[in-house]
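Colleague: quick check, what structure comes out for this input:
(2 chains)
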Amino acid sequence: MSGYAELHCLSNFSFQRGASSAQELFERASHHGYSALAITDECTLAGIVRAWQAAKETGLKLIVGSEMQVESGPRLVLLAENLQGYQILCRIITRARRRAAKGEYRLLREDFAEPLPGLLAIWLPDNQPDAQAGHWLKEIFPERVWLAVELHCGPDDGRRLAHLQTLAAALGIPAVAAGDVHMHARGRRALQDTMTAIRFHCTVAEAGHRLFPNGERHLRSLSALANIYPTELLVETQRIDERCTFDLGQLRYQYPRELVPEGQTPGSWLRQLTEQGMRWRWPLGIEEKVQVQIDKELALIIDKEYESYFLTVHDIVRFAREQAILCQGRGSAANSAVCFALGITEIDPAKSNLLFERFLSRERDEPPDIDVDFEHDRREEVIQYVFQRYGRHRAALTAVASTYRGAGAIRDVAKALGLPPDQVNALADCCGRWSTKLPPPERLREAGSDPDNPMLHRVLTLTGELIGFPRHLSQHPGGFVISEQPLETLVPVENAAMDDRTIIQWDKDDLDLVGLLKVDILALGMLSALRRSFDLIRLHRGRDLTLATIPAEDAPTYEMISRADTVGVFQIESRAQMAMLPRLKPRTFYDLVIEVAIVRPGPIQGDMVHPYLRRRNGEEPVTYPSEALKKVFERTLGVPLFQEQVMELAIVAAGYSADEADQLRRSMAAWKRHGGLEPHQKRLTEGMLERGYTAEFAARIFEQIKGFGSYGFPESHAASFALLTYASCWLKCHEPAAFTCALINSWPMGFYSPDQLLQDARRHRIETLPVDARFSSWDCTLEPGRNGKLAIRLGLRMVRGLREQDAQLIEMARQESAFTDTFDLVGRARLDSRARELLADAGALRGLAGHRHKARWAVAGVRPQLPLFAGQPEQKEAPVALPLPSMGEDLHADYATVGTTMGPHPLSLLRSQLKARLCRSSRELSDIEHGRTISVAGLVTGRQKPGTASGVIFVTLEDEYGMVNVVVWSDLGERQRKELVGAQLMQVDGRLESEKGVIHLIAYRLHDLTPILTGLDVRSRDFK
Amino acid sequence: MRWACILLPQLALDAVLRDRDDPEAPLALIAGTPQRRVLKTMNPAARALGLQPGQSLTAAQAMTRDFVMAEYDPAQIEYWHRFLAAWAYRFSSHVSLDYPRALLIEVESSFNLFGPWELFERRLRDELTALGFRHRIVLAPNPAAARALATIHDGLAVTHREALDKVLGQMPIQHCGLSREIATAFSRMGLRRLQQVLALPRDTIAKRFPKEVLRHLDALVGESAVVLDCYAPPDEFDVRIELNFDVESHQALLFPLRRLTSDLAAFLAGRDSGVQRFTLFLEHREGPDSQIPVGLLSAERDAAMLFELARGRLENVQIPGPTQALRLLARDLPAFVPAYRELFNERPQQSLPWEQLRERLRARLGDGAVHGVHAFADHRPECGWQINAAKAATGLADLPPRPGWLLSKPVPLQEPALRIVAGPERIESGWWDGGDVRRDYYLVQTHRGQLAWAYCPVGEAGPLLLHGWFA
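Modeller: A predicted model of the protein is given here:
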């Protein structure tokens, strides 16, 4: 029997066509004893790295290729014979993709006009083959073109075979057997049909002849193939297989060279830039210790040949600094002294006890990874700079292969099977939005579906198969690949959904495998807020602060943090973080690093939080399983908190090599999806037992590693985040007005609404002034207040619906001279009726026209002036008596128009009514003893159902003094769903839990008090 | 003039509820895109569960599942609105549908017939209640005021200007029939009741608001008249011929039938429509009328054809007793699309046009015996064509050869000396409706030269099953 190489096979990266993953295809092909398998996804190489990986794992050869349809031309498969052919294939795909919309391609005959050495072509003839196409292909691919004979038990295969053989002979090109494979096994027929229906946006029943008539397009056994094809056609596959010698491992990637001036090497230039940076960072001279560290780091970087990577990141950061865009690096290599000198990070190595080697080791062959966060509003400038500097052909964003998750998969499948929309929605609701699992049968029954019904059974089976499949390529938020050669010689480039964006067809994991380095250019709202804070402080205080020059280790700041007085600051403002702060009481920067990392699903699920707290508070002795591990865990009191510690643990306690530890890290990130931790369990346990650790300890460590799995937080990231946390806390503590003002101007960001931020500011005795067309700019500003401190003047941006350009017109007109009345304002700022009414309703004309009613009356009366009468004062009309708005009306209007009120908090207006209902205020709670049963009432500002706490719902209530955290257990939530979901103003009766300054109310009963509050504009964060 | 406004506050809901056995059970009407289904309205029982209009279906179902859903259908609302207008037309020739969800009826001229307003109103209410529609009724001197007052009043009857001014003045501004933006603008100025607005100097209103505002205010107080479109009852054909003597034979009915059908044809021609369905009523001296429904496959209006059809149906009916009158009622009058004819149509004299033949066959053999056949895209041969398929066929180009005669049930092929011409053609399809087939089809030739299409299930070597013959 002859050998066989399958030369036409789609994986699931031919979206909604291929019904098997590369892994499945390679396993099956290897099982059948194929000599090679080509993956020829339609005009894409997005799945080729995964295929390469599968090929390596199964030991079966991969041939790289792609199927494509030429416009008004033939359909064909192109295979890469060698590296040159691969590069040309990338170029052809890039061209076809770049001239079409996202997700589509247009391949033209002219794309074949130039020589295409190294590419083999297999013509896929249709039912009535056009001999012209054969002649054309033969001309382009002399001696390199074949005619594919693909037989799938059609109406008359014998005739088809004879016909094609005749045609091949007539054209003088060899015929070859191929499979048009869409799935690894026949069993995927139903899934393949379903994907076809999804692709055509119809049901399977409607898909009709767009479905394949049978399931023959799978990897057939060699004996089956021998029955179908004449031997010479099978032998021909071997000839092609032998010719294709290209392997992805031959790709060589080079860093851009232009960053290094003539006469310098990357190493010498990096050293020179670092030395310049050292003089800038340490103008008074450098400590011996730091100098030693920098030398050590430089030696390591040069040894590993990562200079260009650091130079690239430095160049981007230098641009941002020149444009006064705030940025901060993080990641395994970012927190080094070199990066501090280069300005990539603001963490001063002299002031922290972080060690660079922890992040980049000589033994580990792990590429450096630096993510740089930029100001949210200005990141686009940085992205455009990168495109401009390296050109679109050398810089592109990485892709993200979006995969099917539970809800999306069940939705698509149920639709394709023709379920009615309401049932489709109901089924999708049964899956968590991000869950990658099928909904359990109980959940389906609860929702009124019967999992034993045959239709639903089909839906669930197919959904299970579809989950995890890629569904489309989208753009990574900021991962850039930059290369010396044009990118299209490495990987095809295609259009992203956004204009002016191009992405490569590989995602982050693919890049790692192929050895391409990427720089993450990310956006962070807090950086915008910090830069705005610095600007305001410079303007009003004359003090020039930067992230690096904010006074370090400031005691009042840590005191504030320990009180959980952290509304608005970075990372530690959430409810869970706030509950942790009074227990952890951070006193140093490293405490903040821990704080940032500890309130995460990983440590929570791995049960690391409580042991750490007990040890920190001296309630439990700090012990280490061994002296060797003391070094690893000393800084976290013996409790593993960081991803890096798990890797060190594997090395120290279980004898892993640095490389193996890195593999463990990767498996940890992926095991939820693919499994694959089992080998590590064995290896770790054995390694630990060998080194004298107990089995019980090994088991516990493994559980912790699993808990870390998808959420493990690296220390290197925590450190960078902690710096921003510290900076924002310092600002909140020492410059609260500027900080609040900057936060609101950077909104939307963070956890709290402008209203909540302003309330918090007022509780800190900061004066807030209303929006006023006479004084307000677009942004919120600071002005001297009555108490001698700076007050916050609300900006016109707070007026809902007002356009920025209207605000600019007002500011410009006001600079000429102050407004005398409404008529003057409307006339000089040329405001249309919409803008006028918004200003009047927002109360922004109080100084020009009086209260809201008068203002609305006044602006309605301003008619556009005829040019003839320009400059004439307005005609007088008889004054009209309009009623004064009541306090309630003003409150209502405040919330409806600016989303906050300068008047009393709504709850203070209701306080007497609430007192009558025996409700306590949030201010009173700290004086009530633990365990008492009490009632509180407040606006519902949050309802959260965290994945880590089963069935519990956290409700946040707000009153005029602050917030109250309510815990609603699932059975109560079930019983009082209507109140829980529906109430805007809620009264909760429950038991007070008060411990070390952390206060919760465990709810017994909920009351909906919304009727006494109707009309207030409250935005609730509902279950997300 | 006196105008009654009948406001139908839950027309959509009533239209659904009147068909339900248990109108007290929680019910919500749903609208919106498939991605975002929203509760449009609901009955009090559903409201008591916490459901609210505007809520998303997901949110509602998160709260409770103990309610019934029905589609919110604007066409149904329109239908019942007109239905009620037809009902109201009995009370006044001046009925208007100009206001959504409301009927405006000029009633003063009907007082002679239906008695004073109190009696008249009671009768309206009784009948509406019997029909199953919630309502509010207000009487006012002009339609604009009647409509506005009905929003918050029920049973109010205002007949004099002074009384009208007083009750109008108290109206909240957002319920006065002004557009939402205008009403909002007034209320943002602190003007919450109509009297505050009416008290403003006219020039200040004219300066601030579009002309329509003053016009509407004038209409409300009766300073200017509102012109409403009059409702006209629907077009239908309903003609009855009383026979001069009792008729017992079919034959004697044919003459009046021919007149009725030709009148119908003339009527249809006059309004340029066709008829798809009509009913013949035979009125007997005793017992109920005999009803003979006549349906067509497409809208037609040819007199001869209509007669032919009606005759065919009539002749199949056993007439229970002497007939005194014949009535033809046609309501379904869709637009007529004439058949395309060749300019020089050389039709043999004896032959019938196809449509006529088809309808005659239908009439003679029964509806079940004649039907259309449509090709349908499905790989399973038995699903490849459908009877009376409503939808047009999809993508049927490039079909592999299929037999013209497909057996309704495959039978074992007991033919000796078969020759396989082509195959196997494998068909594996249909898993989605539980009718998955997996077959290998062969084109075989019998020793008599007939071409047959036969299969055996995939993986089985059993005897071939005959599925069809090629012509």
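
Colleague: let me know whether stretch B:427-446 sits next to chain A.
Modeller: Yes: interface with chain A: stretch B:427-446 contributes B:427-429, B:431-434, B:438, B:440, B:443 (CB under 8 Å from any CB of the partner chain). Using the backbone N, CA and C atoms, a C-beta is placed for each residue, glycine as well.

Colleague: narrow those to those that are buried.
Modeller: B:427-429, B:431-433, B:438, B:440, B:443 (16 or more other CB atoms under 10 Å in any protein chain shown).

Colleague: so which of those residues belong to strands?
Modeller: B:427-429, B:438, B:440, B:443 (DSSP state E).

Colleague: about what we covered before: okay if I get the residues of stretch B:427-446 next to chain A as TSV plus pLDDT and distance to residue A:298?
Modeller: As requested, the residues of stretch B:427-446 next to chain A are exported to TSV (pLDDT from 0 to 100; distance: CB to CB, whole Å):
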residue	pLDDT	distance to residue A:298
B:427	93	70
B:428	93	65
B:429	92	67
B:431	92	64
B:432	91	65
B:433	88	70
B:434	84	70
B:438	93	68
B:440	93	72
B:443	90	79
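
Colleague: list the contacts of the residue of chain B most remote from its centre.
Modeller: In chain B, the greatest distance from the average C-alpha position (CA atoms, centre = their mean) is reached by residue B:417, at 59.4 Å. With contact set as CB atoms under 8 Å, 6 or more residues apart in numbering or on different chains, residue B:417 has these partners: B:446-447.

Colleague: quick one, phi psi at it?
Modeller: phi 50, psi 60 (degrees, to the nearest 10).

Colleague: ditto for the one 3 residues further on
Modeller: With angles defined as degrees, to the nearest 10, residue B:420 shows backbone torsions of phi -80, psi 120.

Colleague: and it, what are its bridge partners?
Modeller: residue B:444 (DSSP bridges).

Colleague: can I assume it is in contact with residue B:443?
Modeller: Yes: using CB atoms under 8 Å, residue B:420 makes contact with residue B:443 at a distance of 7.3 Å.

Colleague: so what's the residue farthest from the centre of chain B scoring on pLDDT?
Modeller: Predicted confidence (pLDDT) for residue B:417: 74.

Colleague: quick revisit: need the residues of stretch B:427-446 next to chain A in JSON lines (columns: distance to residue A:557).
Modeller: Output for these, formatted as JSON lines (distance: CB to CB, whole Å):
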{"residue": "B:427", "distance to residue A:557": "75"}
{"residue": "B:428", "distance to residue A:557": "71"}
{"residue": "B:429", "distance to residue A:557": "70"}
{"residue": "B:431", "distance to residue A:557": "66"}
{"residue": "B:432", "distance to residue A:557": "64"}
{"residue": "B:433", "distance to residue A:557": "68"}
{"residue": "B:434", "distance to residue A:557": "68"}
{"residue": "B:438", "distance to residue A:557": "73"}
{"residue": "B:440", "distance to residue A:557": "80"}
{"residue": "B:443", "distance to residue A:557": "87"}
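
Colleague: can you give the domain ranges for the chain?
Modeller: Picking chain A for this. Chain A breaks down by the TED database into domains covering A:3-150+A:162-183+A:218-248, A:264-394+A:474-523, A:399-472, A:600-710, A:766-864+A:882-902, A:904-1011.

Colleague: that was the other one, I meant chain B.
Modeller: Following automatic domain parsing, chain B resolves into domains at B:3-25+B:72-221, B:237-332, B:401-469.

Colleague: so where's the stretch 51-200 of chain A uncertain?
Modeller: For the stretch 51-200 of chain A, no stretch has pLDDT under 70.
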